[in-house]
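Visitor: curious how this folds, go ahead:
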Amino acid sequence: MIMSNNPYREIHDFTVYTLLPAASAFVRETFQRYVDHDEALDVITKEDDTPASYADRECERIMHDLIEAQYPQHGIIGEEFGAYNAGADYVWVLDPVDGTKEFLEKKPGYFCTLIALLHKGKPVLGIIHDPMAYISWVGLEGQQSIKTTMRKNPATTIEKAHLACTDLSMFTGTPYEKTAQALSEECRHLHSGTNGNGFGHVATCIVDIVYECGLKLHDIAPLIPVIKTYGSYAYDLEGNNLLEHIFDPQKDIDKNFSILAGCNENLTKSVLQRFL
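Guide: Take a look at the predicted model:
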């Protein structure tokens, strides 16, 4: 429940009822044309060796234009077009298609749209949206906590746990490589290729733990309000509580972040100790 006196209510309503539907419809329709007719998507390879398509760029442009028209004083940081007015008190953080690789492989359910709003660096609004399944996980500062589970018995030990990680190769060459691999072998099941959706799944206890590293601001900022609102837990792999983290949009745009999120506090902390 959103309290009537919540200062972010109006922004929440704009995001949920205007911004997100426009982005979602575009991604969904573009994907369907791509699948049905092999529509060319003008794919380029960025400096970090990841792909970006017309879908990524145009979806971000749509969201940028809507935000600028509604809130011209706000800043915007997007994965595709970088920073605009990043020193503003309110800064939107956008990842139009999180999981472009899976999008291009025509795998519905494996990509999503991520939206966050920072207020003086604090993530006060976050959305993880699966456009193909019409599913959204929404987090808002000041919203009544939602504790929900899609499973009767979420795991309390790593041997029984369902873990998620978009790609274990993100840990290659990092101090966390051996631990990440060991956890994947010890758990009951490892879900791969989840991208941002994995964090929606951990918020609702569909999976027990998600762990990733090498994330950018547009990857991580939208996750924090969702995880917090759903009563789950999130730390970076150095042990810092991400639910209390304040970002610096101007300095953090090129920074790499790590995250371990879980729906059970004791299990989350015990897994975290493995990385420390």
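Visitor: for T100, see how far away the residue of the chain positioned farthest from its centre is.
Guide: What lies farthest from the middle of the chain is H37; by C-alpha atoms, centre = their mean that is 29.2 Å. H37 is 19 Å from T100, where distance means C-beta to C-beta, to the nearest Å. The C-beta positions use only the backbone N, C-alpha and C, and glycine is treated the same way.
Visitor: any low-confidence regions in the stretch 101-250 of the chain?
Guide: 144-145, 147-152 (pLDDT under 70).
Visitor: tell me where it has strands.
Guide: 112-119, 122-130, 135-140, 162-165, 189-192, 209-215, 233-235 (DSSP state E, counting those that start in this stretch).
Visitor: which stretch among these comes nearest D95?
Guide: When the strands of the stretch 101-250 of the chain are compared for distance to D95 using C-beta to C-beta, the nearest one is strand 112-119, at 3.9 Å.
Visitor: neighbouring strands for the closest one, and are they parallel or not?
Guide: The pairing partners recorded for strand 112-119 under DSSP bridges are strand 90-98 (antiparallel), strand 122-130 (antiparallel).
Visitor: hey, which of those is tucked in deepest?
Guide: Of the strands paired with strand 112-119, the one with the most neighbours on average (mean count of other C-beta atoms under 10 Å) is strand 90-98, at a mean of 27.
Visitor: quick one: F247 and L118 touch, right?
Guide: Yes - in this structure, F247 is within contact of L118 by C-beta atoms under 8 Å, at 5.9 Å.
Visitor: can you pick out the residue with more neighbours from those two?
Guide: Shown here are F247 and L118; by other C-beta atoms under 10 Å, L118 has more neighbours (28 against 23).
Visitor: list the contacts of the residue nearest to that one when sequence neighbours are not counted.
Guide: Nearest non-adjacent residue to L118, counting by C-beta to C-beta, 6 or more residues apart in numbering: V91, 4.6 Å away. Counting by C-beta atoms under 8 Å, 6 or more residues apart in numbering, V91 touches H74, G75, I76, I77, N85, L117, L118, P249.
Visitor: one more time with 7 Å
Guide: Contact analysis of V91 by C-beta atoms under 7 Å, 6 or more residues apart in numbering lists H74, G75, I76, I77, L118, P249.
Visitor: do H245 as well
Guide: H245 is in contact with I224, counting by C-beta under 7 Å, 6+ apart.
Visitor: any idea how far it lies from G200?
Guide: Distance, H245 to G200, using C-beta to C-beta: 19 Å.
Visitor: show only the entries of the contacts of V91 found in helices.
Guide: Of the positions in these, P249 sit in helices, assigned by DSSP state H.
Visitor: which one among the contacts of V91 gets closest to W137?
Guide: With C-beta to C-beta as the yardstick, the closest approach to W137 among the contacts of V91 comes from L118, at 18.1 Å.
Visitor: hmm, that closest one is touching A221, no?
Guide: Yes - at 6.4 Å, L118 and A221 qualify as touching, with contact defined as C-beta atoms under 7 Å.
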